[in-house]
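Asks: structure for the following, please:
(one chain, ligands or ions: 1)
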Amino acid sequence: ASAHSFAPSRLSQNPNFLAKADGELIPRKLSDAEIKQVLPQLTGWSVVHGKLHRSFKFADFIQAFGFLTKVAIAAEKLGHHPEIYNVYNLVTLDLTTHDVGGISRLDIELAKQINGF
Ligand SMILES: C[C@H](O)[C@H](O)[C@H]1CNC2=NC(N)=NC(=O)C2=N1
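Replies: Next up is the predicted model:
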C-alpha cells in the first residue's frame with residue numbers, strides 16, 4: 001500500500017474506528033442493536049447504566065485479587081481498562097469506553113478475555 005493509504009481519511013473508513021482530527025484512531029461506540037446482538041456470546045454480562053457489567057464471587061480475597069491481577073494484565077495489553085469494584089471475595093467489573101462515551105468493541109474483547117480466566 002502507498003503511504004497515502006494510511007492517511008486519516010482512509011482509516012476513518014474502517015467502520016470499527018473513528019479518526020480524530022489528529023488522525024488518532026479510537027473505537028466506535030456500538031449501537032444498542034449491535035450490543036444486543038453480541039451479548040449472548042458474553043456469558044454472565046449484562047448492560048447496566050450503559051456499561052457491560054458482571055459480578056464474580058471467589059472463595060476469598062486472595063482468589064479475587066489473583067483474578068483481578070489477570071484482568072489488569074489483559075487490560076494493560078489491550079490498552080483498555082475496566083472499572084473495578086472489590087469487596088473481600090466479590091469483584092464487580094464495569095466495561096465502557098470513556099473515549100467514546102459508550103460500549104465499543106474493546107469492551108466486548110475485554111469481556112471475552114475475562115470470561116476465559
Ligand atoms: C491513551 C489511552 O490509550 C486511552 O486513554 C485509553 C486508556 N484506557 C481506556 N480504558 C477505557 N475503559 N476507556 C478508554 O477510553 C480508555 N482510553
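Asks: for the chain, which residues are neighbours of the ligand?
Replies: Applying Cβ under 6 Å from any ligand atom, we find that the chain lies next to the ligand at Gly79, His80, His81, Thr96, Thr97, His98, Asp99. Backbone N, C-alpha and C define where each C-beta goes, glycine included.
Asks: the same query, at a cut-off of 5 Å, please.
Replies: Residues of the chain lying close to the ligand by Cβ under 5 Å from any ligand atom are Gly79, His80, His81, Thr97, His98, Asp99.
Asks: a strand runs through the third one, doesn't it?
Replies: It refers to His81. No: when DSSP: H, G, I helix; E, B strand; the rest coil is applied, His81 is found to be coil, with no strand at that position.
Asks: and the closest residue in space to it that isn't next to it in sequence, what does it touch?
Replies: With Cβ to Cβ, 6 or more residues apart in numbering as the criterion, His81 has its nearest non-adjacent residue at 4.7 Å, and that residue is Ala75. For Ala75, the contacting residues are His81, Pro82, Leu110, by Cβ atoms under 8 Å, 6 or more residues apart in numbering.
Asks: where is pLDDT lowest across the residues of the chain next to the ligand?
Replies: Sorting the residues of the chain next to the ligand by pLDDT puts Asp99 at the bottom of the list (92).
Asks: pull out the buried residues from the residues of the chain next to the ligand.
Replies: By neighbour count, with 16 or more other Cβ atoms under 10 Å, those hold His80, His81, Thr97 as buried.
Asks: and the residue nearest to His81, what element?
Replies: helix 61-78 (DSSP states H and E).
Asks: and after that helix, which helix or strand comes next?
Replies: Helices and strands here follow DSSP H and E; after helix 61-78, the next one along the chain is strand 83-87.
Asks: what's that next one packed up against?
Replies: Under the contact definition 3 or more Cβ pairs under 8 Å, 6 or more residues apart in numbering; DSSP states H and E, strand 83-87 sits against helix 61-78, strand 90-95.
Asks: looking at the ones you listed, which is buried most?
Replies: Scoring the helices and strands packed on strand 83-87 by mean neighbour count under mean count of other Cβ atoms under 10 Å gives strand 90-95 as the most buried, with a mean of 19.
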